[in-house]
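> Here is a sequence together with a model predicted from it:
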Amino acid sequence: MKFNIYNSDKKTKARTGEIITDHGKIETPIFMPVGTVGSVKAVHQRELVDDIKAQIILGNTYHLYLRPGIDIIKKAGGLHKFINWEKPILTDSGGYQVFSLSANRKLKAEGAYFNSHIDGSKHLFTPERVVDIQRVIGSDIMMAFDECTPYPCDREYAKKSMELTHKWLARGWEHFNNTQSLYGYKQSFFPIVQGSTYTDLRVESAETIAEYNSDGNAIGGLSVGEPTDKMYEMLGVVNNILPKEKPRYLMGVGTPANILEGIALGVDMFDCVMPTRNGRNGMLFTKNGIINIKNLKWADDFSPIEKEASSYVDSYYSKAYLRHLFHAKEYLAAQIASIHNLSFYLWLVKEARYHINAGDFYEWKNIMVKKLSTRL
């Protein structure tokens, strides 16, 4: 994997660049739609490519391991072939999912023991096993196995968790370098910075991660309930340490405003379920603010979903019709809303790239953050 930086904003740490993988190029900053089990919910792969303009999608190691299982994925020739997706794929390691199973998992030095949320069966994820699973999945970018700390948590817990993440990283890194891709193309391995909201721990973790000189680096353990200003503070701390010449991936974040502020703080890659999850519940993100399409005020609004369309559904369907679909519980409602929201997110990062290159990102960002947070 290669990463080229093209332009940097003079007033912020925002930059434009390009990640080059064996499955294609990724313009940065970029938003990555989440396809947890090999599917971005309610969206065809064709729509991801042709309308949404997705350049990379995510899969999840935990979920794919449990279903359909790595034997099926291996027989298919990897996740790309299984889901008929020719562009890059990133997989997270399952650390967050294991963290969310707090009542059904035990963390030990060797790894994480957990019970499947599907059938209760018992499993063990070790750093080495997680690398092996991601080798079978065949993602272009794989994540190190980590523990994601909850918020709030006391400093002692956060420190022990960070130290465990670092020990697992050392083992995962060694195993990654002692194994090969199964499908004839290169895979990259990203360590993950942890440390909760404690500045000294974030510094220690970022310094540890930077020493690996990996193809890129991820920032985890944020957007888990902490105040937004604290998240931005931790990003500023971490990005002052992580190498500038490597892409930085902020995991699981977030709102359109979060993404713009993250770009300003030097983040290159984002993912979040918010566009599809909120879309399925009737929340639309638009260039002028947030719409709850289920509200009565849209019942006889026959104007397009968004006048300045970022996807074909914006001009093809009216607000009134989409509201009707939601209230009639039609599946098409979730599809339209998901396509709209994902298209908007990809439009947003494209506009950010444009304004960074044009030299007015700071001014544009400040205007957009206010607009995007407005309830319409």
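Yep, that arrived.

> Run a quick neighbour tally on residue 308.
11 (other CB atoms under 10 Å). C-beta coordinates here come from the backbone N, C-alpha and C atoms, glycine included.

> That one falls within a strand, correct?
No: counting by DSSP: H, G, I helix; E, B strand; the rest coil, residue 308 falls outside a strand, being coil.

> The stretch 251-376 of the chain: helices as residue ranges?
Counting by DSSP state H, counting those that start in this stretch, the stretch 251-376 of the chain has helices at residues 256-264, 274-280, 312-316, 319-327, 331-358, 361-372.

> ranking these by burial, who's on top?
helix 256-264 (a mean of 24; mean count of other CB atoms under 10 Å).

> so after the helix or strand of the chain with the lowest mean pLDDT, what's the next helix or strand?
Taking mean pLDDT, DSSP states H and E as the measure, the chain has helix 95-100 as its least confident helix or strand, at a mean of 77. Moving toward the C-terminus from helix 95-100, the first helix or strand encountered (DSSP states H and E) is strand 105-108.

> I'd like the mean pLDDT over that next one, please.
In this model, strand 105-108 has an average pLDDT of 88.

> Which parts of the helix or strand following that strand count as buried, going by neighbours?
For strand 105-108, the following helix or strand on the C-terminal side (DSSP H and E) is strand 111-115. By neighbour count with 16 or more other CB atoms under 10 Å, strand 111-115 contains the buried residues 111-112, 114.

> before we move on, what about stretch 138-150?
Result for stretch 138-150 [16+ other CB under 10 Å]: buried residues 138-149.

> So what would you say the end-to-end distance of it is?
29 Å (CA to CA, to the nearest Å).

> and that stretch, how far from the chain's centre?
11 Å (CA atoms, centre = their mean, to the nearest Å).

> ok, and the closest non-adjacent residue to the residue most central in space within the chain?
The centroid of the chain falls nearest to residue 271 when counting by CA atoms, centre = their mean (1.9 Å). The shortest distance from residue 271 to any non-neighbouring residue, by CB to CB, 6 or more residues apart in numbering, is to residue 32 (4.3 Å).

> Would you agree the one you found is in contact with residue 52?
No: if you go by CB atoms under 8 Å, residue 32 and residue 52 don't touch, sitting 11.3 Å apart.

> Between these two, point out the one with more neighbours.
Neighbours were counted for residue 32 and for residue 52 using other CB under 10 Å; residue 52 has more, 28 against 24.

> So, low pLDDT: which residues of the stretch 201-350 of the chain?
Scanning the stretch 201-350 of the chain for pLDDT under 70 picks out no residues.

> And the strands in the stretch 51-200 of the chain?
With DSSP state E, counting those that start in this stretch as the criterion, the stretch 51-200 of the chain has strands at 57-60, 89-92, 105-108, 111-115, 122-125, 141-143, 188-190, 192-193.

> Out of those, which gets nearest to residue 297?
Taking CB to CB, strand 57-60 is the member of these nearest to residue 297, at 34.2 Å.

> Tell me the helices and strands packed up against the closest one.
strand 89-92 (3 or more CB pairs under 8 Å, 6 or more residues apart in numbering; DSSP states H and E).

> Next, the buried residues of the strand it packs on.
In terms of neighbour count (16+ other CB under 10 Å), strand 89-92 has its buried residues at 89-92.

> residues contacting residue 144?
Applying CB atoms under 8 Å, 6 or more residues apart in numbering to residue 144 gives the contacts 93, 127, 130, 165, 168-169, 172-173, 189-192, 218.

> Among the buried residues of strand 89-92, which one lies nearest to residue 325?
Nearest to residue 325 out of these is residue 89 (CB to CB; 30.8 Å).

> how does this structure divide up, domain by domain?
Following automatic domain parsing, the chain resolves into domains at 2-273, 279-372.

> Endpoint to endpoint, the shortest one covers what distance?
By that I understand domain 279-372. End residues of domain 279-372 are separated by 15 Å (CA to CA).

> Neighbours of residue 299, how many?
12.

> dump the residue contacts of it.
Contacts of residue 299 (CB under 8 Å, 6+ apart): 320, 323-324.
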